[in-house]
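Trainee: Curious how this folds, go ahead:
(3 chains)
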Amino acid sequence: MNTHSTILLLFLSLAFIIAVVFITVYRSSKRKEETGGMINVNKKRLTFLLVLASLAIILLSVTLPDSPYYLYANETPSKVVFVGAQQFNFNMAYQAIDPKKPITEAIELPANKMVEFRVTSFDVNHDFAIYNDKAELIAQTQAMPGYVNMLRWKFYKPGTYNILCLEFCGVAHAVMRASFTVN
Amino acid sequence: MICLFSKAQVKKYNYSEESRVYQQVADITISTNSDGIKKLSDLYSESPLIIAFVYTRCIGICNPFLAELSQNISLSGTDAKQHYKVLVLSFDTSDRVEDMNKLAARFNFENNKHWIFATTQQADILNKSVGFNPIWDGSRMQFDHEALLVGINQYGYVVKKLTGLRNPDDISLLLRELNGVFVASYQLPGNNSLLSCFTYNPATGERKISLGLLLLIAPFVFSLVIVFIMAIIMNRRLKNTAVPHHYAGT
Amino acid sequence: MNNILKLKKITSAWILAILLLFVLAISFGITMRFNQANDIKLSPVTFYSLMTTHGVTMVGIWVVAGMMAVNYLLSRYVKVSNGLNLFAMALTVIGVVMLWLTTFVGHYHTGWTFLYPLPFYTAWEKWATPVFLLSLGVLGIGWFVWSVGMLWQILKRYSLPQAFAWQHFKKGHTVETPPFILITTVTLVGVIACLLTAVLLLILYFAEYFSKGTFTNDALLMKNLTYFFGHTIINEALYLGVATLYELLPEVSGRPKFKMTWYVAVAWNCTLLFVLTAFFHHLYMDFAQPQSFQIIGQVASYFASLPSASVTAFSVIVLIYKNPVKWSLTNLLFVVGVAGWLIGGIGAVIDATISNNFVLHNTLWVPAHFHTYNAMGNVLFSLAFFNWAAKDFQGIASPLRYDKTKIFWLMVGGFGFVLMFYIGGAYSIPRRYAEYPNEFTNAKLLASAGAWFAIIYLWAIIVILFNIVMKCIKMFSVSE
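Mentor: Below is the predicted model:
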């Protein structure tokens, strides 16, 4: 199961629990006789909040180290790809790109080796999003004018990868794309 | 009026700083006074290297550039733990080792183990491998060139380049990256930094707050101020009225 | 005409205007979904103009819906100014007309987030950019003056510590702050901060606009300012809805009023701070943002939901569980709204986790979660208020006939509609695409299904609205 399915399943399970709680509470309120409501409210509230807070702390400590800013930080990239996004295409080259004379090269990257994408924009904000051949989003970074974002990634599976723009950038946003191959 | 906002208006992208990044530097031969003739690889395999490109006849940027660099390195809070050497290399093949020694003496670097002053006969090869393009101007007898620092890691790869006179933060970021720290983003030079949010302070791993970030906080602070001022004005009136309790009634 | 009658008439006018814009904005949304499904064919310019109109209109109406509801209920505690209320309404109408002109006549289409420097890359009528920015200014000024006016009235009656319920932090206090007053105070401070940010943003835009190229802005700062404004205003709009819930839910359910306690006081004081830094989660994929801010963003996103949402949900459950509750459309809407808010909140917290955001950012997961806590959360809080107010205007109670059926279809439509977005997000389908690339094989089907569910939602809304609208229209013929 991929990351996306796991996330959806997690979400649906939690949504289901919330629905069950609310339906139960709603049904309990329709009795004719006064049953006195919830007992030990203060204790239950405290437990409820403590459980949620500890859950939040655990989740934070587990998920924060997985943030993309720390990916492959101790390795030297085997290849650097420069990306200059502009309305409405991605210029990609092995060398830095002059915005006045943008060039774009066919990019081929080695499998199982770390590569670094240096992503910037020549005009408005874009987003450099890498999709695999099953159209699953696997990595991304924003392309912002004036800044270069470095996305490090290792491709294990050879094949064609597509780049889509994930930040609304104007009328042709949906057709702004590029691709590269991994051998 | 909006046509003023052409694409040229958005910040200038200085791509020359990114050329040749993560490319292998040419392993040229250099002459130093202290160690004689050496290969560049002898230096960078010992510790990461910052190459500063100068020449002794320069009446322009070279001297301020070196002065700035030495000051910035000391300001950047670099401690002994960080490995680095600064190679001040003449790209003028007519420079002799003695000329470079005089330059070193002028900056009191003769006995500093972090600083090496050297000449080379293979400047063209090196220049090409790091993307440095000085142009000789025969009428002025000067090179037309930019102030360039090139950071080389222990494997001989260009890790980062800095052009122009830079602040201590940029130098510190260069030193950190040379020592293997990954910083996932950097700002391109030539930006209007007056209103940017942050300036890097890699020595402490933080970024300094600049005017831009204050702008981000200002509205909240200002809204609190509005509330406090109103509360102070009202406070006097409140003292004379009864304490509110639940419904005021309509 | 006495003040209260005047307030009722102004509130009726607000309700009618909001509902009209709501129905139109939903229709734009449905049109967009059908276009994505290829069931109809719009030009991308039309699609993105509709998208911009849909976004700004929805955000705008649910902010004012919260504001005018709070204004109405505030009259129970303090004197409120009908003049300011009318002033805000006038500026809102002017602002909305200007906005719709830019999108429908000027074809302006930057999305409601108008991320810098996109507004300057004019692919529309050249006048549309300044008019769009100006219209935001007009709305902002109206709401700012209104918010400050309401806070002024609160502080006239309650001292500063009382307005923030600080006396509840320790035992032995004599004055009780109603929860409604605390939440309203906290939220209005947030609203004012948002609106000041918007003003700053507009100043920076116009500075660049008039500088003839000598001044350019920093894209990262502008993005931070944009999301501070955009994210926070939506959060505060929701909290305005929550304030009405605290005031009205016990009352219409025949249960004792919510009492202020120390934990409610602490929770909402914390919310004031947490909500202001949670917006950082919009910039996770901007690696240029300092990492400390990214971490603060995730921590604040987790903890912002704890005090407000969890405390509210728990209080609502305690109010209802095993207690005799008088169910009506009003409290059903409130309770379903709380559930929708929580479910949307779960979606939001999942997305606000940086490592998840790496594969969810700007996919359909984003509209999925914010439509959940808006369309099935905040909107229902406001509709509950409308329904209650329409009755309150004339003191006529409507019977509980078919109310459960209406709610049922509202839930089928609403949750079905957002589920299509969630599934789309899990399939990595990008948001804000006028048409989907072929590799997203399920995208068109999901869009079509989403549109049909939205039609069910719209139909349920119209049925629920009918009574409210009739009562509001009647209000105009009422005289003393």
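
Trainee: for the residue lying closest to residue A:155 once chain neighbours are set aside, what are its contacts?
Mentor: Of all residues not flanking residue A:155 in the chain, residue A:182 sits nearest, at 4.3 Å (Cβ to Cβ, 6 or more residues apart in numbering or on different chains). In this view, the C-beta of every residue, glycine as well, is placed from N, C-alpha and C. With contact taken as Cβ atoms under 8 Å, 6 or more residues apart in numbering or on different chains, residue A:182 is in contact with A:108, A:109, A:110, A:111, A:155, A:157, A:158, A:159, A:160, A:161.

Trainee: Give me the distance between the fourth one and residue A:78.
Mentor: Translated: residue A:111. Noted for residue A:111: a distance of 11 Å to residue A:78, by Cβ to Cβ, to the nearest Å.

Trainee: For the residue nearest to residue A:155, list each beta-bridge partner.
Mentor: Counting by DSSP bridges, residue A:182 forms beta bridges with residue A:109, residue A:159.

Trainee: For residue A:137, give me the backbone phi and psi.
Mentor: With angles defined as degrees, to the nearest 10, residue A:137 shows backbone torsions of phi -70, psi 120.

Trainee: Tell me where the longest helix sits in the chain.
Mentor: If you meant another chain, say so; for now it's chain A. helix A:3-28 (DSSP state H).

Trainee: switch to chain B, that's the one I care about
Mentor: helix B:211-239.

Trainee: tell me how far that one is from the chain's mean position?
Mentor: How far helix B:211-239 lies from its chain's middle: 39 Å, per Cα atoms, centre = their mean, to the nearest Å.

Trainee: if you look at that helix, does any of it touch chain C?
Mentor: Yes. Interface with chain C: helix B:211-239 contributes B:212-213, B:215-216, B:218-220, B:222-224, B:226-228, B:230-231, B:234-235, B:237-238 (Cβ under 8 Å from any Cβ of the partner chain).

Trainee: Equivalent analysis for stretch A:93-104, please.
Mentor: No. Stretch A:93-104 does not reach chain C (Cβ under 8 Å from any Cβ); its nearest approach is 14.3 Å.

Trainee: tell me which residues in that stretch are buried?
Mentor: Counting neighbours by 16 or more other Cβ atoms under 10 Å in any protein chain shown, one finds that the buried residues in stretch A:93-104 are A:93, A:95, A:96, A:97, A:98, A:99.

Trainee: With distance to chain B, pLDDT and secondary structure added, can I get the residues you listed in TSV?
Mentor: Shown next, in TSV, are the buried residues of stretch A:93-104 (distance: Cβ to the nearest Cβ, whole Å; pLDDT from 0 to 100; DSSP: H, G, I helix; E, B strand; the rest coil):
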residue	distance to chain B	pLDDT	secondary structure
A:93	10	91	strand
A:95	6	82	coil
A:96	3	81	coil
A:97	6	84	coil
A:98	5	81	coil
A:99	5	82	coil
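
Trainee: and these, which two are the farthest apart?
Mentor: Farthest pair in those (Cβ to Cβ) is A:95 and A:99. Separation: 13.4 Å.

Trainee: could you dump stretch C:5-12 to CSV, C-alpha only?
Mentor: Extracted in CSV, the C-alpha atoms of stretch C:5-12 (Å, rounded to 0.1, in the frame of the first residue of the first chain):
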residue,chain,number,x,y,z
LEU,C,5,-36.1,46.4,15.2
LYS,C,6,-33.6,48.2,13.1
LEU,C,7,-31.0,45.5,14.0
LYS,C,8,-33.4,42.8,13.0
LYS,C,9,-34.0,44.5,9.6
ILE,C,10,-30.3,44.9,8.9
THR,C,11,-29.7,41.3,9.9
SER,C,12,-32.4,40.2,7.6
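
Trainee: Report the mean confidence score over it.
Mentor: Taken as a whole, stretch C:5-12 has a mean pLDDT of 91.

Trainee: buried sites along that stretch?
Mentor: Those would be C:7, C:8, C:9, C:10, C:11, C:12, for stretch C:5-12 by 16+ other Cβ under 10 Å.

Trainee: and that stretch, how far out from the chain's middle?
Mentor: Distance, centroid of stretch C:5-12 to centroid of chain: 22 Å (Cα atoms, centre = their mean).

Trainee: so does that stretch get close to chain B?
Mentor: No. Counting by Cβ under 8 Å from any Cβ, chain B is not contacted by stretch C:5-12; separation bottoms out at 9.2 Å.

Trainee: need the helix or strand of chain A with the lowest average pLDDT.
Mentor: Lowest by mean pLDDT, DSSP states H and E among the helices and strands of chain A is helix A:41-63, with a mean of 90.

Trainee: Excluding chain neighbours, what is closest to the most centrally placed residue in chain B?
Mentor: Centroid-nearest residue in chain B: residue B:170, 2.6 Å away (criterion: Cα atoms, centre = their mean). With sequence-adjacent residues excluded and distances taken as Cβ to Cβ, 6+ apart, residue B:170 is closest to residue B:162, at 5.8 Å.

Trainee: quick one: the residue nearest to the centre of chain B from chain C, how far?
Mentor: 15 Å (Cβ to the nearest Cβ, to the nearest Å).

Trainee: Equivalent analysis for residue A:103, please.
Mentor: 22 Å.

Trainee: How about the contacts made by the nearest residue to residue A:167 once chain neighbours are set aside?
Mentor: Counting by Cβ to Cβ, 6+ apart, residue A:127 is the residue found nearest to residue A:167 once chain neighbours are left out, at 3.9 Å. By Cβ under 8 Å, 6+ apart, the contact set of residue A:127 is A:140, A:141, A:142, A:143, A:165, A:166, A:167, C:285, C:361, C:362.

Trainee: Please report the distance of the second one from residue A:85.
Mentor: Residue A:141 sits at a distance of 11 Å from residue A:85 (criterion: Cβ to Cβ).
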